[in-house]
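Participant: got a structure for you, letters missing:
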């Protein structure tokens with residue numbers, strides 16, 4: 001039984017999950033947390049042969065936001081970047097930048113994401129208050145574990161709803 005579970009885990013890691021994960025950063029683009037479909041998912045599916053640093057993505061987004069203030073973009077709410085193989089959806093929530101990375105064609109439910117993170121930041125307000133005071137995030141592993149669980153649940157829900165849609169065509 002254990003061999004089957006390890007085999008499934010390897011297979012899962014070679015396939016691109018619906019939602020690969022997300023990066024939570026402060027408004028300056030410093031990555032605070034990484035939530036992933038499985039350990040290493042973001043690196044596995046985002047890095048190319050140059051081994052780019054995934055944590056540069058929020059810095060890139062932050063720079064775009066700051067640059068947009070030089071134009072007539074007022075209060076960015078979200079940002080979508082689509083490529084041939086991946087989609088990046090960025091949400092701005094108070095002093096945070098939340099960058100979602102997924103397969104092309106995956107629809108991220110904006111309300112669900114905003115609701116999760118609003119509650120997440122409220123539940124862990126003391127941790128984030130200390131971060132903004134001291135520049136260090138405490139309880140990172142606990143917070144990442146909670147976020148990883150949420151991303152896995154989103155993927156499970158996405159997979160079951162996709163299977164249901166596929167079954168309805170039969």
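Facilitator: Perfect, thanks for sending it. Bear in mind that the values here come from a model prediction, so they are computed numbers and not experimental data. Numbering: from 1, shown residues only.
Participant: quick one, what contacts residue 34?
Facilitator: By Cβ atoms under 8 Å, 6 or more residues apart in numbering, the contact set of residue 34 is 21-24, 42, 54-55, 144, 147. Glycine gets a C-beta too; all of them are placed from N, C-alpha and C.
Participant: Pairing partners for the host helix or strand of it, with directions?
Facilitator: For residue 34, the element it lies in under DSSP states H and E is strand 31-36. Pairing partners of strand 31-36, with direction, according to DSSP bridges: strand 19-26 (antiparallel).
Participant: what's the pLDDT at residue 68?
Facilitator: Residue 68 is assigned 80 on the pLDDT scale.
Participant: And residue 99, by the same measure?
Facilitator: 93.
Participant: Excluding chain neighbours, give the residue nearest to it in space.
Facilitator: The spatially closest residue to residue 99, leaving aside those adjacent along the chain, is residue 23, at 4.5 Å (Cβ to Cβ, 6 or more residues apart in numbering).
Participant: What is the neighbour count of the one you found?
Facilitator: For residue 23, the count of nearby residues is 25 (other Cβ atoms under 10 Å).
Participant: got it, and residue 159?
Facilitator: 12.
Participant: Tell me if it really is in a helix.
Facilitator: Yes. Judged by DSSP: H, G, I helix; E, B strand; the rest coil, residue 159 forms part of a helix.
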